[in-house]
Structures are given as C-alpha cells and as structure tokens.
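S.K.: My questions are about this predicted structure, shown below with the sequence.
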Amino acid sequence: MGVVTFIAKRIALYFAVLFIGLSITFALPRFMPVNPIDGYIGELQSRASATIAPEGLAELRKSLEELYGLQGSVFEQYLAYMKRVVIDFDFGPSYTYFPHPVSSMLAEALPWTMGLLMTATVIAWCLGNTVGLVAGYFYKKRAASILEFVGILLYPIPYYILAISVLMIFAYIFPIFPLSATFPVGALTLDKAGTILFNSLLPGLALVLAGFGWNILSMKALAIATSEEPYVTFARLKGTTHRTRMIRYVFRNALLPQVTALALSLGVIFNGALLTEIIFSYPGIGLIMRQAASGGDYNVLYGAITVSIIAVATAGLLIDLAYPLLDPRIRHK
Amino acid sequence: MIELNDIVVSYRTERGSINAVDGVNLEIPDGCIVGIAGESGCGKSTLMRAIYGDILSPMSLSSGTIEYGFNDRNGEPVTSENVRNEWFRTLSYIPQSSMNSMNPVIRIREQFIDFPGTDPNKKRVLEQVREYIGKLGLPVEALDSFPHQLSGGMRQRMMIALATFFQPNLIIADEPTTALDVVVQKEILLLLMELQEQMGNTILIVSHDMGVHYQVTHKMLIMYAAKAAEYGDSDSVFDEPLHPYTKMLIGSLPTIGEDRARHGIPGSPPSLWGDLQGCRFAERCPLATGLCRSQEPPLVEHKPGHFAACHFAGADLPDTGGAGWQ
C-alpha cells in the first residue's frame, strides 16, 4: 500500500510542477511591455505606409487576437491557454512559418534532438563512469592518474570551443565528415538512416567529449571515497576479486549520486541542443528555438519551453521512482 | 599449532620505519581461544593483520615467519606466503564494526557467496548457508534482508555465521563486540564460544575489554609497546599475573561487592620512535631498577605454559595506593 500511495503522491506532485511551469510560461511574456499584435500591426502599417483603414486595422487586430488566443481578460486568456496546451498540446501557429502549427514543428524536431542528445548523454555517462570507476578504484596506481588526466583535460574546455575544435579537426583538417552536414528529411529509408547516423557522429562526439570529463572526475572522487568504506575493506579480507569489489561494492554504492546527475542532465539536454544544433546545423529543437528567438516567434518559444519543462519534470519523476530500486535503504513510507 | 617466530612488523613512514610489532614469539595450540589485550598502539591489531596475512604497503613483515600448522586445499602447508589465498577458506575474519562491514545495497545472502570459497556452485552454497543459519538458531529470513533492516546484534551474528560457515581452522576477531550493548555482547560471545567448541578451531580475539577476555579466552597474550609482555593460560594470567603491567591492568578492573578505589597506570607507553633500551615498561613500573632500564627482559617461561618478559616476574607490587595517580 505504501508504495502505491508514494507513487500516487509523486505523480500528483509531477502534475503540480507541470501546472506551475505552464502557468509561469503563460505569465512571463505577458509581463513584457511589448504586445506582439501591436508590433505586428505596426510593422504592417509601416510596410503599407499607414494606408490601412482604421476599420481594417480593428478587424485585423480582432482576427489576430483570435488566432493567437489574446482575446478577453488575462484570466480568460489563461484558461483558454491551459485548455489548449493541456488538452490538445496546441500552441497555435508559428509566426514565422505561418500557418504551420507549433506542435507539429516540435514533433518533427523532437526525435532529432532526443535521439542525438540522449544517446550522447548516455554514452558520455557510461564511458565517464567506467573510466572514473577504474581511476578511482585503483587510485594508488600511477596508470589510474592518466585516466583521470583525460577528465581534467576535457572538463574545463568550454563546450563551444570543444565543438568547434572537433568540427575543425574532423571536417576541415582531416575531411572525414562534411563541414556543414545535411540531414535528409522525409520517410526513413536504410540509406537515409546511414547518412543521418554518419552525420550525427561529429555532433555526438563533441557532446560525449564534453559530458564525459565531468563524469570521470565525479565518479573518481566517489569511487575513492567508497573504496575506503569498511565494507570494501571487509570484502577484500573475504578474498573477493577486484572485479567483484569494483562493481558490486564500489560501483553499486557510488552509483546513486551519478544516477541523479544523469537524470538531471537528461532533463536539461535542450540547453545542450541549442549550441550543438547551431554549430553542426542539426535540425532539432535547438535550431528551431534559435530561429524563434531571433524572429520573435513567441508561440514556438512557448512550445519549446513547455517541452523542456516536461522533460525536466519527467526526469525528476523517473529518478524518484527508480531510486528505491537502486538503494534499498530508501523506502517509501 | 600456530607458531610466530620472532616476527617484526613495520610501517614505512616519511620519518622512517617504525616497528609496530617488534619480535614476538608465540606458540598457539590448536583449538583454543586466545585473547590479546593491551592499550591502544601496543601493536595488537597490527599483529592480527600480520597473522591474517593482510600485509599491505606501508606495512610489511620485515622479519620472522608465521607457521599456521594447517594445510591448504592442495595439501601444502599454509605459510605467510600463501595465506592470502586461504582467506575465507581455512581462516576467516570477524571485523570490528558489523554496522559498516556489510555492503548496504546488496542482500546479506549475496554477501555469503561473493567470495571465492571452496565450492563454485553458488546455488548449492546458498542452500548450505540457509541450513547453517537455521542450525545456529538464527532467522533464515535475515539472509534475504538488507543489512540496514537488521539490528546491530543480528548483523554481528550474521557476521559470525559468515566467518564460521565453512569451518575455518583459524578465526581472527578484531574487537567483535565493541559496538554492542552488554546483553547482546554476551550472547554474541556465547555463540562464538559454542561454535568454537563444536568445531574445535582456533580463535584469536582482540579486545580492550578485560571482562570479555576473562569470560571467553583459554589463553591470554598481554602486549605492551609492540612486545609480548605476558602469555599464558587465562586462569593463570588472571589469578597470578607475573608481569607488573598485567598486575596493574587487572588491578584496575572493578569487581562486584568491592568498593575500593581503582587506580589507573600512571604515565604513558614509550614512543616507538626513540632508541628503546631495556624494559619498555620500566618508566611506569614501580619495581624498575637499573637493570630494567639497561637490559631488555626476554619472554621466558616462569611456570609451565606461563610466560612473562620481566626481570622481576611474579614479585609483589608495592602498595602505592595510587600515589602516582591523580
């Protein structure tokens, strides 16, 4: 019963977080002094050298308000917004690509971003933790400090420098990959999948290199601390093998904070998406967000922010639900 | 019989090498419980580690040999060279803090089968473990628990079950009851004694608690400043201690029904760094003479089976009434 109550409570909390997040997303742009419709009409007026009649303008304003959900009081707008977002996942049309709906733009871009960034994050996590575990478990051996050096070397490099360096080295100096990759769209064929995979290797490499240094350093520190625990010493005195101790004793215990870190970094992959997709011209949410930000495409921005709120909240929910499976000391009460 | 032949265990430090166990000779007959006592830093834990074969840098066995008197699986005699391969096969270890000596994230039954052991079929081993736990009168369900779900006493019982399951020839227990309350302490000691009686193996127990030694041990080794001060049958050591240090140690124990003030031993042990000459206890000994300060007393047999390292072994202490002690 305890478990059911816990899960129910946790999921209720999840929806509460989403609700608050959506409300803030609604409220924030409305605090801005500019009105997008005024802006649009102003732009139209200047283009038409103020030749549009006031009646026409009023009509235009009305239909734009209707289109963008800006009718009525703020509260009415809020209700309409929540209804649209929650029930239909509808953010209205994109301003830039009118009348293309935001939700379908996001739906097209999402698999690209998720596919690249989740894979890269998970690979970086697995590699970084393996290297960090070995470096930490054998920290008294000199060879282990070479492994740690990889982490120390990679970690402080800013991501944009790392990404551009990777691009320079593997696309310009050694032209293995295209400098500006193209990603075929439309129905997926085996041939296209191959091209996509090949062209994704470079952004993937940059993301893995950027993520993996931190994982090495963090896991190494955790593994050193854990290998000094009395249960590891006692396991050694039981005659267990290094392999057993490293995996079942040190790794299993050092894993918990790292899982939290993984879930959190999966939640914020959209941050990473922005730079990666710009530098490697990769057709994901990041690229859409950048275009939307520079083009004042509010609906697209709302949509992207909402997706990212959902991602962070979902990642948090998943760690909380998975934690008791990893650490038996955590029990639902 | 386990024989320690003049063993010296040293630690290498930045200041140089220090001998934490400095020439200990001992014969431990099979099938007895030997208690090792002495104050902190006297070398008792180092001696235990050396006997268990847990010799890791900066610690080293600089001289002397240890013969265990039993054979490994291939029929070869166990020596300090190959003793590490015998861990949890022919000798085992009960750690001090059962609280932290079990992996918190895996079930206890897993911790019974993750060492090499003698039988590669882990399923069969687990069956035997269940049977053994039942035979000891411990709840078999405890095996399926995680360590934090058990009480401190139950955890330590599980530890003892773990250390005795494969019937080792030698068990080393480093302060096995220190973290437990006295009632649980007694039950744990009784369990250990009962198992020892059934299996007839040798147990070495390190403890600060002379009460534990009095209840449990057959033989006692008193260590002082990296050396053996006195060694003999427990009855003899407790009833007629020969070494002034042992006398003062036992004299400081409270007994029921006597309300005499108890006295500690004034002073503190010598630093092992210095150039140690003569008897190491001389500075604190009421009987010390010039001889004691210049010549080191060897550990000799004063009564059958009762050894002491003192020039005046057995002499009465002057009744100081604790004058030197405040």
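M.R.: Yes, it's here.

S.K.: For chain B, which residue gets nearest to chain A?
M.R.: Going by CB to the nearest CB, chain A is nearest to B:Trp87 of chain B, at 3.6 Å. Heads up, the C-betas are built off the backbone N, CA and C, glycines and all.

S.K.: What is the longest helix along chain B packed up against?
M.R.: The residue-count maximum for a helix in chain B (DSSP state H) belongs to helix B:182-199. Here helix B:182-199 touches helix B:152-164, helix B:210-216, going by 3 or more CB pairs under 8 Å, 6 or more residues apart in numbering or on different chains; DSSP states H and E.

S.K.: hmm, who's touching that helix?
M.R.: Residues outside helix B:182-199 that contact it (CB atoms under 8 Å, 6 or more residues apart in numbering or on different chains): B:31, B:33, B:136, B:152-153, B:156-157, B:160, B:164, B:167, B:171, B:173, B:176-177, B:180, B:203, B:212, B:215-216.

S.K.: If we use 6 Å, what do you get?
M.R.: B:33, B:153, B:156, B:160, B:164, B:167, B:177, B:203, B:216 (CB atoms under 6 Å, 6 or more residues apart in numbering or on different chains).

S.K.: ok, back up a step: need the winner for burial among the helices and strands packed on helix B:182-199.
M.R.: Highest mean neighbour count of these: helix B:152-164, a mean of 22 (counted as mean count of other CB atoms under 10 Å in any protein chain shown).

S.K.: and it, what other elements does it pack with?
M.R.: strand B:91-94, helix B:182-199 (3 or more CB pairs under 6 Å, 6 or more residues apart in numbering or on different chains; DSSP states H and E).

S.K.: tell me which residues of the last one are tucked away?
M.R.: Residues B:184-186, B:188-189, B:191-192, B:195-196 are the ones in helix B:182-199 that count as buried (16 or more other CB atoms under 10 Å in any protein chain shown).

S.K.: need the helices and strands packed on helix B:152-164 in a markdown table with mean pLDDT, can you?
M.R.: What follows is the helices and strands packed on helix B:152-164, written out as a markdown table (pLDDT from 0 to 100):
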| stretch | mean pLDDT |
| --- | --- |
| strand B:91-94 | 92 |
| helix B:182-199 | 91 |
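
S.K.: Next, name the residue at the spatial heart of the chain.
M.R.: Chain wasn't specified; assuming chain A. Nearest to the mean C-alpha position of chain A, counting by CA atoms, centre = their mean, stands A:Ile269 at 1.9 Å.

S.K.: Correction: the question concerned chain B.
M.R.: B:Val206 (2.9 Å).

S.K.: what's the burial count for the closest residue to chain B within the stretch 51-200 of chain A?
M.R.: Going by CB to the nearest CB, chain B is nearest to A:Lys140 of the stretch 51-200 of chain A, at 8.6 Å. Neighbour count for A:Lys140, taken as other CB atoms under 10 Å in any protein chain shown: 11.

S.K.: now A:Pro328, nearest residue through space, not along the chain?
M.R.: Using CB to CB, 6 or more residues apart in numbering or on different chains and skipping the chain neighbours, the partner closest in space to A:Pro328 is B:Phe146 (4.3 Å).

S.K.: now B:Cys42
M.R.: B:Met223 (4.4 Å).

S.K.: Pull up the pairing partners for the helix or strand harbouring that neighbour, direction included.
M.R.: Assigned by DSSP states H and E, B:Met223 belongs to strand B:219-224. Strand B:219-224 sits in its sheet next to strand B:33-37 (parallel), strand B:227-233 (antiparallel), going by DSSP bridges.

S.K.: about what we covered before: report the angle between the longest helix of chain B and helix B:152-164.
M.R.: Using axes from the mean of the first three to the mean of the last three CA atoms, to 10 degrees, the inter-axis angle of helix B:182-199 relative to helix B:152-164 is 20 degrees.

S.K.: so how far is helix B:182-199 off the chain centroid?
M.R.: 16 Å (CA atoms, centre = their mean, to the nearest Å).

S.K.: Same check on stretch A:4-19?
M.R.: On CA atoms, centre = their mean, the centre of stretch A:4-19 falls 22 Å from that of its chain.

S.K.: Moving C-terminal from the helix or strand of chain A with the lowest mean pLDDT, which element do we reach first?
M.R.: Lowest by mean pLDDT, DSSP states H and E among the helices and strands of chain A is helix A:36-47, with a mean of 77. Using DSSP H and E, the helix or strand that follows helix A:36-47 in sequence is helix A:54-68.

S.K.: now the angle from that next one to helix A:36-47?
M.R.: Going by the same axes, to 10 degrees, helix A:54-68 makes 140 degrees with helix A:36-47.
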